[in-house]
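Asker: Next come a sequence and a model predicted from it.
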Amino acid sequence: MIYDINMTPIKELKNVRQRPEEGFRLWFANEYFDIIFWYDEEGGNLTGFQFCYGKPHAEKAFTWELGSQSHHYVKEARAQGTGILRGDAGALSLGVLKQLQSVRGELPVELSNFVIKKLVDAVQARQEAAATG
């Protein structure tokens, strides 16, 4: 996969729609990445995140929540303006993590480090599972 060296830094999206029954969300994005964080409430505990990459043509999403994680392809649902998660997207590329680090921008260091740790853990777990077959 070729990464765009001219990619713009990640910025925090303002005015993210909040639904009180769903906790609180923070959203960071650029032309290649979307990273959405879920909290139990504003200023509360982090309960999950979704790391989307490969926009706009080959998007994949890694979702981490307390106790679970998944990695899917994203199929755009044009009528709804959202993506639909489909199928196992396979192993995550460590190159994506390097790209994330290089364009971190407004993404706070502690959140960036948390995402990267969870992604590296997922890569290692998949490698270990493949080795034990």
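Answerer: Right, received. Where do you want to start? The model shown is predicted, which means the values in this text are computed figures rather than measured ones.
Asker: Q124 and K75, how far apart?
Answerer: Computed with C-beta to C-beta, to the nearest Å, the distance linking Q124 and K75 is 28 Å. Yep, even glycine has a C-beta here, placed from its N, CA and C like the rest.
Asker: For beta bridges, what are the partners of H71?
Answerer: Counting by DSSP bridges, H71 is bridged to F62.
Asker: strands paired with the helix or strand bottoming out on mean pLDDT in the chain, and their directions?
Answerer: Taking mean pLDDT, DSSP states H and E as the measure, the helices and strands of the chain show their lowest mean at strand 82-88, namely a mean of 78. According to DSSP bridges, strand 82-88 forms sheet pairs with strand 68-77 (antiparallel).
Asker: Secondary structure element for the closest residue in space to L94 that isn't next to it in sequence, which one?
Answerer: Counting by C-beta to C-beta, 6 or more residues apart in numbering, L94 lies nearest to V123, which is 6.5 Å off, once chain neighbours are set aside. With the criterion set as DSSP states H and E, the secondary-structure element containing V123 is helix 109-132.
Asker: is the residue sitting nearest the centre point of the chain in a bridge, and if so with what?
Answerer: Centre of the chain computed as the mean C-alpha position; nearest residue by C-alpha atoms, centre = their mean is F51, 0.4 Å away. Taking DSSP bridges as the rule, F51 bridges to I35, F62.
Asker: mind listing what it touches?
Answerer: Under the criterion of C-beta atoms under 8 Å, 6 or more residues apart in numbering, the contact partners of F51 comprise 33-35, 61-64, 115, 119.
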